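> Here's my sequence, what's the structure:
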Amino acid sequence: MPSLDRVLQQVGQLNYVWTNTESLFIYLIAYLAGTSKDAAVIIFLTLNTTRARLDLLDRLAKLPATPPETRVAVLGLTERLKKEAKVRNKYNHCIYSFDSNGELSGTQLMRVVEFDDALKYGKSEALDDTEFERVQTAIQAITSVNRDLWAFFAASGIEP
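Predicted structure coming up:
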């Protein structure tokens, strides 16, 4: 079982690489929408969820005027980030559970699920070494998307 300090360090790194990568959406928005960086910043900040920003990028990429190679590249990048968003969202929207000795034992999701006439909330999951590896894998995958965004910018003549 990873210690609380290790988990918090990994979650902090997960948030850092995510935020750093998501901030690059500003340049992608400007490029795909044919607008200025200032206008793209306003659009980025107005869309206050990652999901909305990813949807915007997907929709801009699917416009008929978008070159096919750009469409494929952008949709590939957004799809990869959507996959990793599940891990990021889990650790940003959970509480941590502790055992009777005060040791970290798992996570409890802060989500309500409705079933006909009943509610379930707070799904608990173990936070073991396998789950810890999942976070590390997500960090590596997001970092890879970040590098690929920079490569896309260079190849497309985008200057962040």
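> In this model residue 58 seems to touch residue 32, though I could be wrong.
No - using Cβ atoms under 8 Å, residue 32 is not in contact with residue 58; the gap is 10.0 Å. Placement of C-beta: from N, CA and C, glycine included.
> who has more neighbours, these two?
Using other Cβ atoms under 10 Å as the criterion, residue 32 and residue 58 rank with residue 32 on top: 23 against 16.
> tell me the phi and psi of the more buried one?
Backbone torsions of residue 32, given as degrees, to the nearest 10, read phi -70, psi -30.
> Run a quick neighbour tally on the residue nearest to it when sequence neighbours are not counted.
Of all residues not flanking residue 32 in the chain, residue 60 sits nearest, at 3.8 Å (Cβ to Cβ, 6 or more residues apart in numbering). Neighbour count for residue 60, taken as other Cβ under 10 Å: 19.
> can you pull the contacts of residue 60?
Residue 60 makes contact with 29, 32-33, 66, 74, according to Cβ atoms under 8 Å, 6 or more residues apart in numbering.
> doesn't residue 125 fall inside a strand?
Yes - per DSSP: H, G, I helix; E, B strand; the rest coil, residue 125 lies within a strand segment.
> Tell me how far it lies from residue 24.
31 Å (Cβ to Cβ, to the nearest Å).
> Look at the two and report which has more neighbours.
Neighbours per residue (other Cβ under 10 Å) separate residue 125 from residue 24, with residue 24 holding more: 18 against 13.
> Hmm, that one is touching residue 152, no?
No - Residue 24 sits out of contact with residue 152 when judged by Cβ under 8 Å, with a separation of 9.4 Å.
> middle-most residue in this protein, spatially?
Centroid-nearest residue in the chain, with Cα atoms, centre = their mean: residue 85, separated by 3.6 Å.
> Shouldn't it be within a helix?
Yes - applying three-state DSSP, one finds residue 85 inside a helix.
> All set now, cheers.
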